[in-house]
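A.B. asks: Fold the following for me, if possible:
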Amino acid sequence: MTPLVPMLLHKLAVLITALTLAACGGAEHVAPVEPPSVALPVVTASKAEVALGDLASGTVVADERVQLAARTAGTVRAPGLHEGQPVRAGQVLVTIDAQQAEGAVQQARAALHAAQAQQRQADADVARNEPLARAGGVSRTDLEQDQLRAQVVAAAVEQARAAMAIAEANRRDQRVTSPIDGAIITRHVRDGDIVQPGVLLLTVEGRDQLLFRFSAPQASLHAFASGATVPVLIDEREDQPVTGTVRAIVPSADPATRRYTVEISLPPDSALLAGMFGRVRLPANSAHSATAVTIPAAALTEQGGLTGVFVVGKDERLAFRWLRLTERFGDQVLVTSGLAAGEQVLARIDPSVRDGAHLVPVVPAQ
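C.D. replies: Predicted coordinates for the structure are as follows:
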């Protein structure tokens, strides 16, 4: 290697180092952006004696539930069918392979054709003999016998048509369709099973309307008049009560418990499923009092799908905190966990509020 090569390599290394240092030294330091200060009223979470009625337990149920049964005997053909599968009204779910049904249709069709041929012949005999009878060429008795035979054959044709309709209906019964939109909840048979008429095949539940069904004592029925709105506490989401509407009270009490079944129509919600457990607060006519933390409902907000409040810290910084809630009493909300009495929260929410913002407190308007 000539002495020139090491010298060039050395100069190249020095140049790269200098450029790197210059780039690092010239980069501007970007300071973190402070959330803007906000001037909003605050409110202090307080403890209060709340009169609470008893909680009545209930279940979310589908308004439509259909059990599909076989109407003909044969072998079940239902490949790929599974529980939980969505279905549409009119969709063929099960086919019952019944060779006898197809044979019965062909037999009834042949009998109908034969009867119609006899009817055509009988009508032709009557049409030919009526003028002959008027001219004396055929006795009146023979004509009456032809007319009677035509009537008997006509009745036979109607009987054959009825038999044909029954045979076609039996063939249609081989295809079991869903009468509603919904999902398959229970599959009672498997592909290849042999069934008889009346055997349960599938249970289908609708999803268009869900109900919350529970029982209430006679003394509480006044709070559940038809059309009244009722908050329903669903397990696993008690912080977000579902507001339903009373649809009906079954007008007959359970003889064992003396309680009446109440049905509440629930709003459309993809998170609600039939079978979910929940509770409804009964009116406080036989209530007990409890000490609970309450805040105004206007203080609530949602962040990332969670319901909570902006809590004021010691440094006047706002921090979002998720809360577990139960129900509302007027304009107040009962807090189960996440907030202690004496803590301050924003009294109302502004869209500009961000986690970590500095608070300039103001006195709420009276």
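A.B. asks: Per the annotation, how does this structure divide into domains?
C.D. replies: Domain assignment for the chain by automatic domain parsing gives 33-51+287-366, 55-63+209-284, 72-96+174-208, 99-172.
A.B. asks: Would you format those as TSV with mean pLDDT included?
C.D. replies: Below are the domains of the chain laid out as TSV (pLDDT from 0 to 100):
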stretch	mean pLDDT
domain 33-51+287-366	82
domain 55-63+209-284	90
domain 72-96+174-208	90
domain 99-172	84
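A.B. asks: what would the ones you listed look like in JSON lines with mean neighbour count?
C.D. replies: (Each C-beta comes from the backbone N, C-alpha and C, glycine too.) Output for the domains of the chain, formatted as JSON lines (neighbours: other Cβ atoms under 10 Å):
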{"stretch": "domain 33-51+287-366", "mean neighbour count": "15"}
{"stretch": "domain 55-63+209-284", "mean neighbour count": "16"}
{"stretch": "domain 72-96+174-208", "mean neighbour count": "16"}
{"stretch": "domain 99-172", "mean neighbour count": "15"}
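A.B. asks: For Val246, see how far away Ser352 is.
C.D. replies: As judged by Cβ to Cβ, to the nearest Å, Ser352 and Val246 stand 40 Å apart.
A.B. asks: can you check Gly227 too?
C.D. replies: Distance, Gly227 to Val246, by Cβ to Cβ: 6 Å.
A.B. asks: Pick out the residue closest to the middle of the chain.
C.D. replies: For the chain, Arg207 is the residue whose C-alpha lies nearest the centre (Cα atoms, centre = their mean; 3.1 Å).
A.B. asks: hang on, that one packs against Gly182?
C.D. replies: Yes: Arg207 is in contact with Gly182 according to Cβ atoms under 8 Å; the separation is 5.4 Å.
A.B. asks: Quick check: neighbours shared by these two?
C.D. replies: Both Arg207 and Gly182 are contacted by Ala62, under the criterion Cβ atoms under 8 Å, 6 or more residues apart in numbering.
A.B. asks: all strands in the stretch 201-350 of the chain, in order from the N-terminus.
C.D. replies: Secondary structure of the stretch 201-350 of the chain (DSSP state E, counting those that start in this stretch): strands located at 210-217, 229-234, 242-249, 259-265, 277-281, 288-296, 301-303, 306-312, 318-322, 324-329, 332-337, 344-346.
A.B. asks: can you list the ones you listed in CSV and add distance to Ala135?
C.D. replies: Converted to CSV, these look like this (distance: least, Cβ to Cβ, whole Å):
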stretch, distance to Ala135
strand 210-217, 79
strand 229-234, 88
strand 242-249, 77
strand 259-265, 80
strand 277-281, 90
strand 288-296, 106
strand 301-303, 100
strand 306-312, 101
strand 318-322, 106
strand 324-329, 98
strand 332-337, 103
strand 344-346, 111
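A.B. asks: Go through those and name the closest to Val126.
C.D. replies: Of all the strands of the stretch 201-350 of the chain, it is strand 242-249 that lies closest to Val126, at 63.3 Å by Cβ to Cβ.
A.B. asks: what helices or strands is that closest one leaning on?
C.D. replies: If you count contacts as 3 or more Cβ pairs under 8 Å, 6 or more residues apart in numbering; DSSP states H and E, strand 242-249 packs onto strand 210-217, strand 229-234, strand 259-265.
A.B. asks: Indicate which one of those is closest to Glu49.
C.D. replies: Smallest distance to Glu49 across these (Cβ to Cβ): 20.3 Å, for strand 229-234.
A.B. asks: helices or strands up against that closest one?
C.D. replies: strand 55-62, strand 242-249, strand 277-281, strand 324-329.
A.B. asks: what's it in contact with?
C.D. replies: Strand 229-234 is contacted from outside by 55, 58, 60, 212, 223-224, 241-246, 264, 266, 272, 276-281, 326-328, using Cβ under 8 Å, 6+ apart.
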